[in-house]
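> Sequence unavailable; structure follows:
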């Protein structure tokens, strides 16, 4: 090999060694970032699933203070048409009225999707609620689909609070 060719060959070897080191370093960085992100999302998913179970349990007990505590002070719930609940006070008033005449129990809750963006979790689920009337009327079942937006909230017993919720009819059973 001539001197020029040896030099070119040595430069190529150095270039490829450096390139390999950069690729390995970049892989470590990206794997570390993505595994941290995945671990955070897995932890968020587990804690949000626990929070949603806590809400359903509070409904089954008719525990108005517990239900209200799991909602952000600025909560807005859209139940269709003009049935909109704004704020904890309105939520509490509606729950007290409802539990005065009936019991509510979630007998089905099927998670359709759950996604996270920072300290926000969004859940879509299909649910069935059994309403048992205190006056002896036969119980009724109501099915629906809900999209609930949760935020991490330090004053919530679970660390998550509902801030927005929209409910619609569930798809027909097949």
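Nice, thanks for sending it over. In this text, all values refer to a predicted model and were calculated from it rather than measured experimentally. Residues are numbered from 1 along each chain as shown.
> so after the lowest-mean-pLDDT helix or strand in the chain, what's the next helix or strand?
When the helices and strands of the chain are scored by mean pLDDT, DSSP states H and E, helix 3-61 comes last with a mean of 70. Toward the C-terminus, helix 3-61 is succeeded by helix 64-69 as the next helix or strand (DSSP states H and E).
> Off-centre distance for that following helix?
Mean-position distance between helix 64-69 and its chain equals 19 Å (C-alpha atoms, centre = their mean, to the nearest Å).
> Mind listing residues that contact the very next helix or strand once past that helix?
Moving toward the C-terminus from helix 64-69, the next helix or strand (DSSP H and E) is strand 71-78. For strand 71-78, contacts defined as C-beta atoms under 8 Å, 6 or more residues apart in numbering pick out 84-88, 91, 151, 153, 156, 161-167. Bear in mind the C-beta positions are built from the backbone N, C-alpha and C, glycine included.
> next one: stretch 91-104
Identification of contacts with stretch 91-104 by C-beta under 8 Å, 6+ apart yields 59-60, 62, 64, 67-68, 71, 75, 77, 85, 129-135.
> follow-up on the earlier one: out of the contacts of strand 71-78, which one sits closest to residue 45?
Proximity of these to residue 45 (C-beta to C-beta) peaks at residue 151, which lies at 15.1 Å.
> For burial, what's the neighbour tally of the closest one?
17 (other C-beta atoms under 10 Å).
> Contacts only, for it.
By C-beta under 8 Å, 6+ apart, the contact list for residue 151 reads 72, 119-121, 160-161, 163.
> Distance of residue 40 relative to residue 124?
21 Å (C-beta to C-beta, to the nearest Å).
> More neighbours: which of those two?
residue 124 (15 against 12).
> Pairing partners for the one helix or strand the more buried one maps to, with directions?
Residue 124 belongs to strand 120-133 when assigned by DSSP H and E. Applying DSSP bridges, strand 120-133 is found paired with strand 102-117 (antiparallel), strand 140-152 (antiparallel).
> how about the next helix or strand after the last one: buried residues?
This points to strand 140-152. Downstream of strand 140-152, the first helix or strand assigned by DSSP H and E is strand 160-169. Buried positions in strand 160-169, judged by neighbour count with 16 or more other C-beta atoms under 10 Å: 160-167.
> Format the residues you listed as a markdown table; extra columns: distance to residue 44 and pLDDT.
Formatted as a markdown table, the buried residues of strand 160-169 follow (distance: C-beta to C-beta, whole Å; pLDDT from 0 to 100):
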| residue | distance to residue 44 | pLDDT |
| --- | --- | --- |
| 160 | 9 | 98 |
| 161 | 14 | 98 |
| 162 | 15 | 98 |
| 163 | 15 | 97 |
| 164 | 18 | 98 |
| 165 | 19 | 97 |
| 166 | 21 | 96 |
| 167 | 23 | 95 |
